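**Q** return a 3D structure for these sequence lines:
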Amino acid sequence: MDQSVAIQETLAKEENCIICMVDLGEVTESRLLGLVECAKEHALFIYAHRRMAITGDDVSLEDIFPVSCHFEVVEVSSPDELAIVGADTRIRVSFQEEVLELLLPFGSHSRFFLGELNKAWSDVCKSSPNVPKFEWLHKHSKTTGGQAVIKKSLVPLSAKMSHLHQKTGLSRKALRPEKKGSAEEGLQSPVKVERSRGPPIPESEGGAGREGRDDMVRSSSHTPANKAQMLAMPKFGLRDNLIRCELLKNEAQYTHLQDFSFFLATYNVNGQPPKESLAPLLSCSSSPPDVYCVGFQELDLSKEAFFFNDTPREPEWMRAVSDALHPDAKYALVKLVRLVGIMLMVYVKRELAEFLSEVEAETVGTGIMGRMGNKGAVAIRFHFHNSDVCVVNSHLAAHIEEYERRNQDYRDICSRLQFRLLDPSRPPLTIMKHNVVLWLGDLNYRISDLDVDQVKDLITKKDFETLHNYDQLKRQLDEEAVFEGFMEGEIQFQPTYKYDTGSNDWDTSEKCRAPAWCDRILWRGKNITQSSYQSHMTLKTSDHKPVSSLLQIGIKVVNEEAYKKKFEEIVRTIDKMENECIPSVTLSRRELNFKDVKYMEHQTESLTLYNDGQVPCQFEFIKKLDESTYSKPWLTANPPKGFLAQGAQVDIDLEVFVNRSTAPDLNLGLQQLEDILVLHLERGKDYFLSVSGNYLSSCYGTPITTLCQLREPIRDMPLSAVRALTKGGENPEVGDKPLGIPKEMWMMVDHLFRNAIKQEDLFQQPGLRSEFQEIRDYLDTGVPDSLPGSNHSVAEALLLFLESLPEPVVPYSLYQQCLDCCASATLCKKVISTLPQCHKNVFDYLAAFLRELLKNSDHNHLDVNILATIFAALLLRSPTKQDLAEKRKAQEFFQHFLVQDPS
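**A** Predicted structure coming up:
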């Protein structure tokens, strides 16, 4: 979670915390780092904090480092740390004699933090005539023990400019270590944060000062072989892509396959802390594996974890894994990634760490409204020798009848989870664009068409083959509905769910769940064989049993001498081609039409690009004059740029998707589905594509006041009439008196009131996308005669309706007033009384419905905090980006209307 909100609460109104970072140094009390800006001056604030800083009361100011010309920051990771892929970033910050060593967590947020810090530092050094005075720091000197630092910052700095270059300059080499044994050789990197006063640190002396300061941002790959290259952030052009393409085509000439062992494990721990050693799981193989991929689900089931993504379980289970790795080898942690309770860790033998690069991690939530992280996936990808590997850990939708929802979760993960690479010329990588994909997790597929006793009888007989025929995942694989191209080993172990916690007994609770193989491991790729696939019955912490798989994977290893020879040959060929040929392509079509586009429903048209020239070419959709992007916001091209070898072709998908930001103007006919795309060839000509379509108006994205005046479905009304009503005109067909609330909202709420008042996990479990589309069409057309869809789909459709409103239920103009009075129930009611009548009716109607839900909380498991968190974000939307403090105030505001009747 973003803990900068806690820092912001300690600052004055004119002071702004730009970005916050956690220091991982192993000290008695952890620290928060905040880059604070005031009057175009910056300072690094150091806070002691509790485990999770939510408000200003959770942090205490410890020290301040003014970002002046006497400030400096240098990376001091040791060569051993640099050799570990995914290692954390060790930096040293100093101001005059004050020195602080910090350990920043591996990942893009640390790179962004260092980038912002470096920018502030560079700016102050470039503007030497405007010497910062830091007068705004005086008031903070009373609250911190680091007064000496602050006082020194207030000494006039102009008199010391000449001293700066002698004493505090940084060399470019110090910031860009190129290989082991370079500028960082021999640096002492203590584990704990060390504070010291005295002479400057040797590696900070002498050098270029300002020149090297633009190189602070580190790549996500920390292997010495490519670190300098990634720090430079090169912008690859046509020539580089030509070389890359030819190398890929001729890969077999300079690589050979070598088997490496990958140990995969998945464990749904049901929110429990580690209670027993994981050695029976992780050290069950006779010889140590080369790579470990360990995934957990339901790491923490608390509301704090769900809403704030913060949990003490992460370090506990991480330690349990580290302690249980095979004792006959030493391992380095490559990367850890977590989304709420879904966590994935990858370890590699230390001697193999140098062969890993391009490590990235991503997450995607598939919970309610496609965002909540209680269900979804986390993934780690890396380049191992010359093979791209992607590891996915997912937790899919629960309940035996929800297999279609699980299929949808899988498809959402595949389409939405994308890795953004440091090479700007390469488009984001999807899961399936890897040589090897390893997929593990609680996939939640159950056993169908058998009752509990029949399932247990087959288990007793160990007739797993017959039982497997009733497995939902097997059936979906056979139908190629999901995991197309994946393999799973033969299952020769009993189902891994559900057991009484602490035992090997099947579920004896009131629900008495039927046993199922929820926990699975699959793979996709060539040259992969499975050595073992088993469950581990001795572990009894959870109601699931962990599952492991040992795979032997053929990885492409480079012969350096053959690679160099092929590389030089390709360069000579390209030199000749560049001087002789101009690229050209043929397009299969230049006009694309999208028919009957609907709200939040993807529609795709494809065209084929064929390289008919004599030379490879690079293409890209480029911006038109005076436009910020290459296309309108409802249109995307995939891929938007790429490389084509001579005689090759690529299919380009143009996708139209209308969401809440683009629907309002389309609903009123103020915008049309029309655009011209410019496809540019490097060193070649431009090609123009015409895109057109028709959009079917929807109640989604239409203002409340307009909908209240429509007694007929919106699609039955001419656009001109809807537009006139929105502008304040009258509709002669409905008379003078509008509806109290939009009929569309009444239909959904009435359906839920009559059918779902006791529905378990309402507003927390997602519906099906296909059912949402049926619900939307019914609301827009009145066909069929009754509202379709399951209770969960109707609930999600209601949330999406509220999210789509151009002006929220509480208008933007009253947003700040609501936050200011959130502590007083009386003032909150007063603000609501001033809403436009239609908006007030909607607010009161929803609040009354939610209070009815709370009366049935024993059945639906809802409480005030859950409903306030979900609905406050929709009813009180910020006109700008909402920070955590504002979210909390909005929730507090709305809670007043849930705990009592405001009338």
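**Q** report the buried residues of the lengthiest strand in the chain.
**A** Taking DSSP state E as the criterion, the chain has its longest strand at strand 255-268. Neighbour counts over strand 255-268 (16 or more other C-beta atoms under 10 Å) mark 255, 260, 261, 262, 263, 264, 265, 266, 267, 268 as buried. (C-beta placed from N, C-alpha, C; glycine too.)
**Q** residue 549 is in contact with the third one, correct?
**A** No. Taking C-beta atoms under 8 Å as the definition, residue 261 is not a contact partner of residue 549, at 10.9 Å.
**Q** sorry, back to before: could you give the mean pLDDT of the longest strand of the chain?
**A** The average pLDDT for strand 255-268 rounds to 98.
**Q** after it, next one along is what?
**A** Using DSSP states H and E, the helix or strand that follows strand 255-268 towards the C-terminus is helix 279-282.
**Q** who's in contact with residue 8?
**A** Shown in contact with residue 8 (C-beta atoms under 8 Å, 6 or more residues apart in numbering): 16, 17, 56, 883, 885.
**Q** check residue 532 too.
**A** Residue 532 neighbours (C-beta under 8 Å, 6+ apart): 285, 548, 549, 550.
**Q** grab the nearest non-local neighbour of the second one.
**A** Okay, so that is residue 548. residue 265 (4.5 Å; C-beta to C-beta, 6 or more residues apart in numbering).
**Q** contacting residues for residue 349?
**A** Per C-beta under 8 Å, 6+ apart, neighbours of residue 349: 288, 290, 291, 329, 330, 331, 332.
**Q** from these, which would you call buried?
**A** Buried, going by 16+ other C-beta under 10 Å: 288, 290, 291, 329, 331, 332, out of the contacts of residue 349.
**Q** helix, strand or coil: sort out the residue lying closest to the fifth one once chain neighbours are set aside for me.
**A** If you skip the residues right next to it in sequence, residue 331 has residue 347 as its closest partner in space, 4.2 Å away by C-beta to C-beta, 6+ apart. Three states are possible here, and by DSSP: H, G, I helix; E, B strand; the rest coil the one that applies to residue 347 is strand.
**Q** do you know how far residue 347 is from residue 879?
**A** Here residue 347 is placed at a distance of 46 Å from residue 879 (C-beta to C-beta, to the nearest Å).
**Q** and those two? Which one has more around it.
**A** Between residue 347 and residue 879, residue 347 has the larger neighbour count (other C-beta atoms under 10 Å), namely 27 against 11.
**Q** what's near enough to touch the more buried one?
**A** Counting by C-beta under 8 Å, 6+ apart, residue 347 touches 291, 292, 294, 321, 325, 331, 332, 333, 334.
**Q** who's it bridged to?
**A** Legend: beta-bridge partners of residue 347 under DSSP bridges are residue 292, residue 333.
**Q** how much space between it and residue 296?
**A** Residue 347 is 14 Å from residue 296, by C-beta to C-beta.
**Q** just the residues contacting the longest helix belonging to the chain, thanks.
**A** Criterion DSSP state H: the longest helix present in the chain is helix 560-580. Helix 560-580 has contacts (C-beta under 8 Å, 6+ apart) with 239, 242, 243, 246, 247, 250, 253, 254, 614, 615, 616.
**Q** one more pass at 6 Å, please.
**A** 242, 243, 246, 250, 253, 254, 615 (C-beta atoms under 6 Å, 6 or more residues apart in numbering).
**Q** report how many residues lie close to the nearest residue in space to residue 509 that is not next to it in sequence.
**A** Nearest residue to residue 509 in three dimensions, chain neighbours excluded: residue 500, at 7.8 Å (C-beta to C-beta, 6+ apart). Neighbourhood size, residue 500 [other C-beta under 10 Å]: 13.
**Q** next one: the one 5 residues further on
**A** Around residue 505 sit 10 other residues, with neighbours defined as other C-beta under 10 Å.
**Q** neighbours of residue 727, just the number please.
**A** With other C-beta under 10 Å as criterion, residue 727 counts 9.
**Q** in the stretch 551-700 of the chain, which spans are helices?
**A** Along the stretch 551-700 of the chain, the segments classed as helices by DSSP state H, counting those that start in this stretch run 560-580, 663-667.
**Q** neighbour count and secondary structure added to the contacts of helix 560-580, as JSON lines?
**A** Listed next are these as JSON lines, based on neighbours: other C-beta atoms under 10 Å; DSSP: H, G, I helix; E, B strand; the rest coil:
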{"residue": "242", "neighbour count": "23", "secondary structure": "helix"}
{"residue": "243", "neighbour count": "17", "secondary structure": "helix"}
{"residue": "246", "neighbour count": "19", "secondary structure": "helix"}
{"residue": "250", "neighbour count": "16", "secondary structure": "coil"}
{"residue": "253", "neighbour count": "13", "secondary structure": "helix"}
{"residue": "254", "neighbour count": "20", "secondary structure": "coil"}
{"residue": "615", "neighbour count": "19", "secondary structure": "coil"}
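**Q** least confident pick among the residues you listed?
**A** pLDDT across those is at its lowest for residue 242, which sits at 75.
**Q** these two touch, right, it and residue 616?
**A** Yes. Under the criterion of C-beta atoms under 6 Å, residue 242 makes contact with residue 616 at 5.2 Å.
**Q** for the stretch 501-650 of the chain, what spans make up the strands?
**A** 519-524, 528-535, 547-558, 585-587, 591-597, 603-611, 617-622, 635-638, 641-644, 649-656 (DSSP state E, counting those that start in this stretch).
**Q** between these, which one is closest to residue 762.
**A** Smallest distance to residue 762 across these (C-beta to C-beta): 27.2 Å, for strand 519-524.
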